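[1] curious how this folds, go ahead:
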Amino acid sequence: MDVTERIKQQLAENPVILYMKGSPDFPQCGFSGRAVQILERCGVEYAYVNIFEDPELREGLKVFSNWPTFPQLYINGELIGGSDIMLELFESGELQKRLREAVPTSVQSSE
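    Here you go, the predicted model:
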């Protein structure tokens, strides 16, 4: 399976997925750390991919998304953006709305 097909499969299987540097427990850049904090505050389950573990995927995502930097958040297969855009959407309440629509209520926190 080529890298584009792997990306499409990951997006199809995960309503919310964060492509990041490191992991939620050990982000390896400040922007990825901020993205994780935002998602944690929203209280939804999400998948993540550590782009450092797969150089082919890291380069393929840049082409696929036409977005050169990480992290990259996708909701229902749509690129939302990086941590700055996530923060803007979070502060306006738009991110929470999009996440509620993407993730079944049963997995959301009761905050």
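
[2] only C-alpha atoms for contact and neighbour calcs from this point on.
    Noted.

[3] pLDDT averaged over stretch 77-87 - what is it?
    Averaging pLDDT along stretch 77-87 yields 96.

[4] report how many residues lie close to the residue lying closest to Phe90 once chain neighbours are set aside.
    Once flanking residues are discounted, Phe90 sits nearest to Gln96: 6.5 Å by CA to CA, 6 or more residues apart in numbering. Neighbours of Gln96 under the rule other CA atoms under 10 Å: 19.

[5] so which bits of the one helix or strand Gln96 maps to are buried?
    Using DSSP states H and E, Gln96 sits in helix 94-102. Residues of helix 94-102 classed as buried by neighbour count (16 or more other CA atoms under 10 Å): Leu95, Gln96, Arg98, Leu99, Arg100.

[6] what bits of this structure have low per-residue confidence?
    Where the chain drops to pLDDT under 70, the residues are 104-111.

[7] now the strands for it?
    Taking DSSP state E as the test, the strands found in the chain are 16-20, 22-23, 26-27, 47-50, 72-75, 78-81.

[8] mean neighbour count added to the ones you listed, as a markdown table?
    Formatted as a markdown table, those follow (neighbours: other CA atoms under 10 Å):
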| stretch | mean neighbour count |
| --- | --- |
| strand 16-20 | 25 |
| strand 22-23 | 18 |
| strand 26-27 | 14 |
| strand 47-50 | 19 |
| strand 72-75 | 23 |
| strand 78-81 | 16 |
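
[9] identify whichever of the ones you listed lies nearest to Gln9.
    strand 16-20 (11.6 Å; CA to CA).

[10] show me what the closest one is packed up against.
    If contacts are counted by 3 or more CA pairs under 8 Å, 6 or more residues apart in numbering; DSSP states H and E, strand 16-20 sits against strand 47-50, strand 72-75.
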